[in-house]
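Q: What follows is a predicted structure for the sequence shown.
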Amino acid sequence: MARLEMHVAHTLITPRGEDDARYDRARRAIAGGVSSPVRAGAPMGGAPPMIASAAGARVIDSAGREYVDYQCAYGPVLLGHALPAVTSAVTRAASSGTVFGSTHLEEVRLAERLCYAMPSMERLRFVSTGTEACASALRVARAYARRPKFIRFSGNYHGHTNEMIFSAGASANATSDLTSGVTQGVLDDVIVLPYNDRAAVADAFAREHEQIAAVMLEPVVGNMGLVLPETGYLEALRDLTTRFGAVLIFDEVITGLRLGVGGAQSVYGVHPDLTCVGKVLGGGLPIAAFGGRADIMAELAPDGHVFQGGTFSGNPLCVAGAHALLDALEADPLVYSRLDALGQHLADGARAAIADAGLEYPVVQIGSIVDFMFRGGKPARNFADASQADGAAYRRYYWAMLERGIHLAPSQMEVMFVTAAHTADDIDHTVRAMREVLSSI
């Protein structure tokens, strides 16, 4: 840890005005200075560092400052940044062409591997992002059910399409009106309910079951902090959708491959009709997929009437990255147990640091995802609970941790991700920083 400790001392005296200057330059060419709003760090009151490079569990910013990374690109980084197996596979693939616009055998082989890993996905389609996967899954569900409405849950983030962006997590903060580009026609077909409230879902079906095509949710929510499903909740949704002929859609863009190759559905033993995956899948490249029951997926053209397509869908570079990631997971059967142990180590350390500071913030952990929010009481069970957290306290915590060489997401609604590249020493250093910061703020 000596090298990191020395670098942290340098970080404490480095002015951050240079970061603001870089973002001022960015704003002259990029709308808002960023390509995704959370990167602007508005809730933090200032620009987060611009990242210049990443390797393993660390990122280095444009001023040369090094951090232990827990943002991990908001979830895709599972085995570490710049995984050599992935970069080598992508380089080899690039020499034969980066995009074909045609089906290729490696794409077929990847689909077969995913269908094997997640048996509920009998057929699938590749896309480039989780947003595309969720939008496409909803469209095919509507076509299958021949119904217009769907249920989703406040604080669950399914991408930035019109139907998904309001009442969402991930610091979206979009309103349900034209100021956010959302029309009344869109609102009429979306039923937003509180997460973990099975009675609310039952009531909605009792009122409008002939209009409800689907229920979409994150089985484990990673976009309003980390919120776990209560015992029996996923099973209740499975029963209700089956009873009323609606399609159950799991958004496993975060949890797919992160909680195991079978995702949250394998952890909880509840199998949806459609699943969306992404993030981890590409090993750091943009690839996602949606899939499920063969009879539902048959609604897609060319077999059915639902059009969905994309020039870069299933391109050979991203497919090569995904194969390399899956190969690495298969070659290391103990990787998930190590990830869980690292997650537990971080969660236990955070609990101890919080308690020693005289605070009562609950720490939530599942596998390699860890979170605590600046609110007391029991762990949050829905977006209303999560929204009670003290944003000003997190802002102070964020900057103080950054000064100590710990890179977190610039939003309290995000979580901490652990990778296989993190070490016990990384976790111990992080916990020491937590203890120091929490006792001071």
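A: Ah, there it is.

Q: contacting residues around the spatially most central residue of the chain?
A: Nearest to the mean C-alpha position of the chain, counting by CA atoms, centre = their mean, stands residue 254 at 3.6 Å. Remark: with contacts taken as CB atoms under 8 Å, 6 or more residues apart in numbering, residue 254 is in contact with 75, 218, 220, 222-223, 279, 369. The C-beta positions use only the backbone N, C-alpha and C, and glycine is treated the same way.

Q: Which single one of those is nearest to residue 391?
A: Minimum separation from residue 391 among these (CB to CB) is found for residue 223, which lies at 15.8 Å.

Q: show me the contacts for that closest one.
A: If you count contacts by CB under 8 Å, 6+ apart, then residue 223 has 155-157, 168-170, 254, 413-414 around it.

Q: Out of the residues you listed, who's the most crowded?
A: Using other CB atoms under 10 Å as the neighbour test, the contacts of residue 223 are led by residue 254, with 29 neighbours.

Q: Not counting sequence-adjacent ones, nearest residue to it?
A: The shortest distance from residue 254 to any residue other than its chain neighbours is 4.3 Å, reached at residue 222 (CB to CB, 6 or more residues apart in numbering).

Q: Distance of residue 49 relative to residue 331?
A: Separation of residue 49 from residue 331 (CB to CB, to the nearest Å): 34 Å.

Q: before we move on, what about residue 434?
A: In this view, residue 434 and residue 331 are 33 Å apart by CB to CB.

Q: Between these two, which has more neighbouring residues?
A: When neighbours are counted by other CB under 10 Å, residue 434 and residue 331 differ, and residue 434 comes out ahead with 24 against 9.

Q: Wasn't the more buried one part of a helix?
A: Yes - assigned with DSSP: H, G, I helix; E, B strand; the rest coil, residue 434 falls within a helix.

Q: Compute the number of surrounding residues for the nearest residue to it once chain neighbours are set aside.
A: Take residue 434 and drop its neighbours on the chain: the residue closest to it by CB to CB, 6+ apart is residue 353, 4.1 Å away. For residue 353, the count of nearby residues is 23 (other CB under 10 Å).

Q: follow-up on the earlier one: so which of the contacts of residue 254 sit within strands?
A: Among the contacts of residue 254, the subset assigned to strands under DSSP state E consists of residue 369.

Q: got JSON lines for the contacts of residue 254, with pLDDT too?
A: Output for the contacts of residue 254, formatted as JSON lines (pLDDT from 0 to 100):
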{"residue": "75", "pLDDT": "97"}
{"residue": "218", "pLDDT": "98"}
{"residue": "220", "pLDDT": "98"}
{"residue": "222", "pLDDT": "97"}
{"residue": "223", "pLDDT": "95"}
{"residue": "279", "pLDDT": "97"}
{"residue": "369", "pLDDT": "98"}
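
Q: give me every residue that touches residue 193.
A: Applying CB under 8 Å, 6+ apart to residue 193 gives the contacts 151-154, 200-201, 204.

Q: Next, format the residues you listed as JSON lines and append neighbour count, pLDDT and secondary structure.
A: Compiled in JSON lines, the contacts of residue 193 are given as follows (neighbours: other CB atoms under 10 Å; pLDDT from 0 to 100; DSSP: H, G, I helix; E, B strand; the rest coil):
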{"residue": "151", "neighbour count": "24", "pLDDT": "98", "secondary structure": "strand"}
{"residue": "152", "neighbour count": "26", "pLDDT": "98", "secondary structure": "strand"}
{"residue": "153", "neighbour count": "28", "pLDDT": "98", "secondary structure": "strand"}
{"residue": "154", "neighbour count": "18", "pLDDT": "97", "secondary structure": "coil"}
{"residue": "200", "neighbour count": "15", "pLDDT": "98", "secondary structure": "helix"}
{"residue": "201", "neighbour count": "22", "pLDDT": "98", "secondary structure": "helix"}
{"residue": "204", "neighbour count": "19", "pLDDT": "98", "secondary structure": "helix"}
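
Q: Looking at the residues you listed, which is nearest residue 97?
A: Nearest to residue 97 out of the contacts of residue 193 is residue 152 (CB to CB; 38.6 Å).

Q: Point out where the protein drops to low pLDDT.
A: Along the chain, the parts satisfying pLDDT under 70 run over 1-16.

Q: domains for it, by residue range?
A: What the record gives for the chain is the domain set 2-69+334-440, 84-331, from automatic domain parsing.

Q: Please identify the most buried of those.
A: Among those, judged by mean count of other CB atoms under 10 Å, the one packed with the most neighbours on average is domain 84-331 (a mean of 20).

Q: The residue lying closest to residue 186 once chain neighbours are set aside: what's it in contact with?
A: For residue 186, ignoring the flanking residues on the chain, the nearest one in space by CB to CB, 6+ apart is residue 162 at 4.7 Å. If a contact means CB under 8 Å, 6+ apart, then residue 162 has 181-183, 186 as its contacts.

Q: Surely the residue nearest to residue 254 and residue 368 touch.
A: No - judged on CB atoms under 8 Å, residue 222 makes no contact with residue 368 at a distance of 11.1 Å.

Q: just the helices in the stretch 1-150 of the chain please.
A: Counting by DSSP state H, counting those that start in this stretch, residue ranges of the helices within the stretch 1-150 of the chain are 2-12, 17-27, 84-94, 105-117, 130-145.

Q: got these as JSON lines, with distance to residue 68 columns?
A: Putting these into JSON lines (distance: least, CB to CB, whole Å) gives the following:
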{"stretch": "helix 2-12", "distance to residue 68": "7"}
{"stretch": "helix 17-27", "distance to residue 68": "19"}
{"stretch": "helix 84-94", "distance to residue 68": "20"}
{"stretch": "helix 105-117", "distance to residue 68": "30"}
{"stretch": "helix 130-145", "distance to residue 68": "26"}
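
Q: Residue 440: which of those is closest?
A: Evaluated over the helices of the stretch 1-150 of the chain, closeness to residue 440 peaks at helix 2-12, with 13.5 Å, by CB to CB.

Q: which residue ranges form the strands in the stretch 151-300 of the chain?
A: Taking DSSP state E, counting those that start in this stretch as the test, the strands found in the stretch 151-300 of the chain are 190-193, 212-217, 247-252, 274-277, 288-292.

Q: As a markdown table, those with distance to residue 409 would be great.
A: Output for those, formatted as a markdown table (distance: least, CB to CB, whole Å):
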| stretch | distance to residue 409 |
| --- | --- |
| strand 190-193 | 24 |
| strand 212-217 | 22 |
| strand 247-252 | 19 |
| strand 274-277 | 21 |
| strand 288-292 | 20 |
